[in-house]
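Asks: Fold the following.
(one chain, ligands or ions: 2)
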Amino acid sequence: MGSDSASHGSVVLGVDSSTQSTKVLAVDVETGEVLASGQARHTVSTGAGRETDPEVWWSALQSALGQTGEWAGRAEAISVGGQQHGLVVLDAQGRALRPAMLWNDVRSAPQAAALVDKYGAGHWAQRFGSVPGASFTVSKWAWLAEHEPAAAEAARAVRLPHDFLTERLSGAGVTDRGDVSGTGWWRSDTERYDEALLAEIGLAPELLPTVLGPGEQAGTVRDGLPLRAGALVAAGTGDNAAAALGLGLTPGRAALSLGTSGTVYAVSRQRPTDTSGVVAGFAAADGGWLPLACTLNCTLAVDKVAALLGREREDVEPGGSVAFLPFLDGERTPNLPYASGLLTGLRHDTTAGQVLQGAYDGAVYALLGALDQVLAVDGGAPSDEPLLVIGGGSRGVAWLETVRRLSGRAVQVPEAGELVALGAAVQAACTLTGEPASAIAARWGTTSGRVHAALPLDTPTLSRLASAMPLASA
Ligand SMILES: Nc1ncnc2c1ncn2[C@@H]1O[C@H](COP(=O)(O)OP(=O)(O)O)[C@@H](O)[C@H]1O
Ligand SMILES: O=C(CO)[C@@H](O)[C@H](O)COP(=O)(O)O
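Replies: Numbers count the residues shown, from 1 in each chain. Ligands and ions are numbered 1, 2, ... in the order given. The predicted model follows:
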C-alpha cells in the first residue's frame, strides 16, 4: 500500500507486534493520514504452551517495514507497541536462550497461585496494582526457574516483547511504565522494581531494562537498518497501552478490543488496586493508569468453533438454548487456567449456527463481566459515549451484534483499523514534536467511525451464561 511522498511533511512509523502478526503504519504527523502499511505473520506454538521465537518478531518487523516502501527510510521516528507480559530471556549477545513464553501460556498457573498464596492478594494489589495470574511475567520467570533452571541461570537480560524490538532498533535496554506494569515485579505504588521480590525469585535487577517515563525516548536507530539515520526510537509500550494512546482515551470512556485476547480498559486518575484479580492495574504510557481486564479466548476460540462446525464466522443463527463458555485455552477472566470449553443446553432442535452464536456470546460475556469494575476504578461518572470497539474482531458483524446485545450499549468502531500501530505512531509523533499524545490523537481524529445504536439487553442469554459459569470452575 503506498502514497505519493512529495506533498507530505514529517512521517512516523507505528508498530504493533501482537500475538498473531506484526503490523506497521507510516503516518503523516500533521494529518494522521496513513501513507503506507505492512503486515507479517508470526508463528505461535500449539500444545501445552504458547511460545514464539523472538527472532520471528524481528524478521516480521523487518518484512512489515519493507512493505511500507520508501516510508521506512523517510520516517523521523518509530515506536513499538507489543503484546504484553511475554518472557524474553537473552544471552550476552542479545540472542534468545529459548523461545519467548507468551501472555496466553498457562503452564505458569501453579507458579502464579504459589506467588499469590505466599504474599496474599492484598499485598500484590496494594504494591503492584495487580494480583498476578499465569499471564504475568513474574509467574513465567518462576516457571522457567523451576522447569529450566539452566536457561534462567544463563540469562544475561530479561525483556518484554516490545523491549526486545526496541533494543534491536536502538541498542538501548529500556522499557516503559505501561508495559513494565504487567510484569508483576514493578511496584505501581513506588514506580520502582521490587528488589526484595526479585531477590526472592532469583532474578538479578541488572538483567532488567531501565524504565523510561512518559515522553522519554529510547534513543536513535542503530546503523545498518533500512531506516533513516538518526531517526528517533520512542520508548514503545504494551499493545493495550498503545491503543489507549491511539484512541486518546479520557477517564470514563471504555474500549473493548477483540483480538487473540479480549480486553476491556479505560484510563483512570486513580491507581487500581483490585484484590479480586479481575482488574489488572496497568500504568498508562503517558502517565496515569490503565485498569484492564483480559480474556484468553476471543477471536481464535470463536474461529476454532466455526471451523469445527464447518461454518463461516458470520454464519450465526439466533435463538436456542445453549450456553457456551469457549475456554479452549483455559481462562484468565475469570481466573480458570485449567478450564476447557463447556457447552450446555443442547437440544434436538439446536442448530450449528446457534452453537456458533453461543461461542460469540460466551467470549463476549466473560469480557463484559469486567467492564463495570474497570470503569469503577477512576471513580468519576462513566461517559455516555459509545463503547469503542477495536481489534480484528471489530470487523465482524457477528462480534458487533453480540457486544451490542450483551452490553445493551451503543458501540463505535473507529475507521482507523489498527489502533495499536496507530497509538505507537502517536507515541512516535510525541517523541518527535513534544506534543501531548492526547493532542495528536485528537488532531488525527482517531476515534471517528460508525456508531451502532444500543440493542435491548439479551437477558435470557445472560442468565444462561451466568448459570453455566459455576460449571466451568467445577
Ligand atoms: N472481517 C473479520 N471479521 C471477524 N473477525 C475478523 C475479521 N478479520 C480478522 N478477524 C479476527 O481478527 C483476529 C486478529 O485480530 P488482531 O487484533 O489483529 O489480533 P492480535 O492483535 O492479537 O494479533 C483474528 O483471529 C480473526 O479472527
Ligand atoms: O495479556 C494481555 C493484556 O494483559 C493481552 O492483551 C496481550 O497484550 C496480547 O494482546 P493481543 O495480541 O491479543 O492484542
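
Asks: Around ligand 2, which positions in the stretch 51-200 of the chain sit nearby?
Replies: Q83, Q84, H85, W103, S135, G182 (C-beta under 6 Å from any ligand atom). (Each C-beta comes from the backbone N, C-alpha and C, glycine too.)

Asks: residues in contact with the third one?
Replies: This means H85. Under the criterion of C-beta atoms under 8 Å, 6 or more residues apart in numbering, the contact list for H85 reads L102, W103, S135, F136, T137, K140, L160, G182, T183.

Asks: Repeat the analysis, applying 6 Å as the threshold.
Replies: W103, S135, F136, T137, G182 (C-beta atoms under 6 Å, 6 or more residues apart in numbering).

Asks: between these, which is closest to ligand 2?
Replies: Nearest to ligand 2 among these: W103, at 3.6 Å, using C-beta to the nearest ligand atom.

Asks: Verify the stated contact: Y360 with T402.
Replies: Yes: contact criterion C-beta atoms under 6 Å: Y360 and T402 qualify, at 4.3 Å.

Asks: So which of the contacts of H85 belong to strands?
Replies: Judged by DSSP state E, strands contain none of these.

Asks: can you redo the residues you listed as a markdown table with distance to ligand 1 and neighbour count?
Replies: Listed next are these as a markdown table, based on distance: C-beta to the nearest ligand atom, whole Å; neighbours: other C-beta atoms under 10 Å:
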| residue | distance to ligand 1 | neighbour count |
| --- | --- | --- |
| W103 | 10 | 29 |
| S135 | 14 | 29 |
| F136 | 18 | 28 |
| T137 | 18 | 27 |
| G182 | 15 | 31 |
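
Asks: and which of those is nearest to Y119?
Replies: F136 (13.1 Å; C-beta to C-beta).

Asks: right, and the helix or strand after the longest helix anywhere in the chain?
Replies: Counting residues, the longest helix found in the chain (DSSP state H) is helix 352-368. Toward the C-terminal end, the helix or strand that comes next after helix 352-368 (DSSP states H and E) is helix 371-376.

Asks: pLDDT of that next one, averaged?
Replies: Per-residue pLDDT values over helix 371-376 give a mean of 96.

Asks: Equivalent analysis for stretch 54-61, please.
Replies: Averaged over stretch 54-61, pLDDT sits at 98.

Asks: Low-confidence ranges, the stretch 1-150 of the chain, go.
Replies: Scanning the stretch 1-150 of the chain for pLDDT under 70 picks out the ranges 1-7.

Asks: where exactly do the strands run in it?
Replies: 11-17, 21-28, 34-41, 51-52, 77-82, 88-90, 100-101 (DSSP state E, counting those that start in this stretch).

Asks: List the residues that contact T446.
Replies: Going by C-beta under 6 Å, 6+ apart, T446 touches G246, L247, A416, L422.

Asks: Could you check how far it is from L245?
Replies: To L245, T446 is 9 Å away according to C-beta to C-beta, to the nearest Å.

Asks: now do R395
Replies: Taking C-beta to C-beta, one finds R395 at 22 Å from L245.

Asks: more crowded one of the two?
Replies: L245 (33 against 12; other C-beta atoms under 10 Å).

Asks: Return the residues in contact with that one.
Replies: Applying C-beta under 6 Å, 6+ apart, the residues contacting L245 are A285, G423, V426, Q427, A437.

Asks: Can you tell me the SS state at the spatially closest residue to the second one that is not a sequence neighbour?
Replies: Okay, so that is G423. Leaving aside its sequence neighbours, G423 sits nearest to G246 (C-beta to C-beta, 6 or more residues apart in numbering; 2.8 Å). The three-state assignment at G246 reads helix, by DSSP: H, G, I helix; E, B strand; the rest coil.

Asks: Close to ligand 2: what parts of the stretch 251-400 of the chain are there?
Replies: G259, T260, S261, T263, A280, C294.

Asks: which residues does the fifth one form a beta bridge with?
Replies: Put plainly, it is A280. Going by DSSP bridges, A280 is paired in beta bridges with L292.

Asks: what's the neighbour count on it?
Replies: A280: 32 neighbours (other C-beta under 10 Å).

Asks: you'd agree it is up against L290?
Replies: No: checked against C-beta under 6 Å, the pair A280 and L290 is beyond contact range at 8.5 Å.

Asks: which ones are touching the closest residue to ligand 1 within the stretch 351-474 of the chain?
Replies: Residue of the stretch 351-474 of the chain nearest ligand 1, by C-beta to the nearest ligand atom: G392 (2.0 Å). If a contact means C-beta under 6 Å, 6+ apart, then G392 has G259, T299 as its contacts.

Asks: how much space is there between it and A92?
Replies: 38 Å.

Asks: Next: V180.
Replies: V180 sits 22 Å away from A92, going by C-beta to C-beta.

Asks: Look at those two and report which has more neighbours.
Replies: V180 (28 against 9).

Asks: which ones are touching the residue in the stretch 51-200 of the chain positioned nearest to ligand 1?
Replies: Residue nearest to ligand 1 within the stretch 51-200 of the chain (C-beta to the nearest ligand atom): Q83, separated by 7.1 Å. By C-beta under 6 Å, 6+ apart, the contact list for Q83 reads S18, T19, W103, P161, D239.

Asks: Does G81 touch S18 like I think?
Replies: No: G81 is beyond contact range of S18, at 8.0 Å (criterion: C-beta under 6 Å).

Asks: got any residues that touch both of those two?
Replies: Common neighbours of G81 and S18, using C-beta under 6 Å, 6+ apart, are D239.

Asks: Of the two, which one has the most company?
Replies: Neighbour totals were compared for G81 and S18, and G81 leads with 38 against 27 (other C-beta under 10 Å).

Asks: so what's that one bridging to?
Replies: Per DSSP bridges, the residues bridged to G81 are D16, T237.
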